[in-house]
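J.: 3D, please:
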Amino acid sequence: MGHPQYEVTQGQVLLDGEDVLEMEVDERAQAGLFLAMQYPSEISGVTTSDFLRSSINSRREEGDEISLMKFIKEMDEALDYLEIDKNMAQRYLNEGFSGGEKKRNEILQLMMLQPEIAILDEIDSGLDIDALKVVSKGINKLRNDNFGCLIITHYQRLLDYITPDQVHVMMQGRVVKSGGPELAQRLEAEGYDWIKQELGIEDETVGQNA
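T.: Reported below is the predicted structural model:
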């Protein structure tokens, strides 16, 4: 996504044949990359609806901006689907939002922008079971052959509602184990010790990506 503290020293990241490493951060977003953060930032003075409409138009050709009526209709449908109070659209982006509201708002953005590739960083963090179900419902609605989603999580509970195609376990920035949904189920049942034993290590922090 272009974090300034990271430098890619080898390889390419291609999206539709274009190297995103050669793009600025805003260009990456316009090309179809999306990042839902674990702790979304608050932006005072910018309403959620204005943010969404500007973001949508930034991905469209000049002169082909989404009409106000079409935008309102699509936003209202998404708000209803995610069981979000419509008043939230007029509130400043994430300002004063609860943790659950912030996460639902990230999924609202995902549904409205319809990116090609989405990275969801611990989208389940801090959610109660009802909010988790709603967030999962929004992600599942977008599931199709033209949409790729990398979900970063430490817990099986999210995967009770979103069945992953592949599960990867990462350690120190490297994939050390891959498998299907059954891998996540085994990790939930047995923890990570068996992977550490396979790799011959004793005490490392391990993360799970689906």
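
J.: residue 195: neighbouring residues, count only.
T.: Residue 195 is surrounded by 19 other residues when neighbours are defined as other Cβ atoms under 10 Å. Heads up, the C-betas are built off the backbone N, CA and C, glycines and all.

J.: so it is in which element?
T.: Following DSSP states H and E, the helix or strand that holds residue 195 is helix 193-199.

J.: show me what that helix is packed against.
T.: The elements that helix 193-199 packs onto, with contact taken as 3 or more Cβ pairs under 8 Å, 6 or more residues apart in numbering; DSSP states H and E, are strand 174-179.

J.: from the rest of the structure, what touches the helix or strand that the strand it packs on is followed by?
T.: Following strand 174-179 in sequence order, the next helix or strand is helix 181-190 (DSSP H and E). When contacts are taken as Cβ atoms under 8 Å, 6 or more residues apart in numbering, the neighbours of helix 181-190 outside the stretch itself are 155, 156, 159, 163, 164, 167, 169, 177, 194, 195, 208, 210.

J.: same check, this time on stretch 16-29
T.: 1-2, 8, 12-14, 31-33, 55, 58-59, 116.

J.: excluding its backbone neighbours, what's nearest residue 57?
T.: Taking Cβ to Cβ, 6 or more residues apart in numbering as the measure, residue 57 lies nearest to residue 65, with 4.5 Å between them; neighbours along the chain are not counted.

J.: can you give me the helices for the chain?
T.: When assigned using DSSP state H, the helices of the chain occupy the ranges 25-31, 48-58, 68-81, 99-113, 129-141, 181-190, 193-199.

J.: relative to residue 62, how far out is the residue positioned nearest the centre of the chain?
T.: The residue at the geometric middle of the chain, judged as the C-alpha nearest the mean C-alpha position with Cα atoms, centre = their mean, is residue 120 (2.4 Å). Counting by Cβ to Cβ, to the nearest Å, the gap between residue 120 and residue 62 amounts to 30 Å.

J.: and for residue 69?
T.: Here the criterion is Cβ to Cβ. By it, residue 69 lies 20 Å from residue 62.

J.: on that earlier part again, switch the contacts of stretch 16-29 over to a markdown table; also include distance to residue 45, pLDDT and neighbour count.
T.: Supplementary listing: the contacts of stretch 16-29 in a markdown table, determined by distance: Cβ to Cβ, whole Å; pLDDT from 0 to 100; neighbours: other Cβ atoms under 10 Å:
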| residue | distance to residue 45 | pLDDT | neighbour count |
| --- | --- | --- | --- |
| 1 | 24 | 83 | 12 |
| 2 | 24 | 86 | 16 |
| 8 | 34 | 90 | 10 |
| 12 | 38 | 93 | 10 |
| 13 | 33 | 92 | 14 |
| 14 | 37 | 93 | 10 |
| 31 | 27 | 91 | 16 |
| 32 | 27 | 92 | 20 |
| 33 | 26 | 94 | 20 |
| 55 | 16 | 93 | 15 |
| 58 | 18 | 91 | 12 |
| 59 | 23 | 88 | 14 |
| 116 | 30 | 94 | 13 |
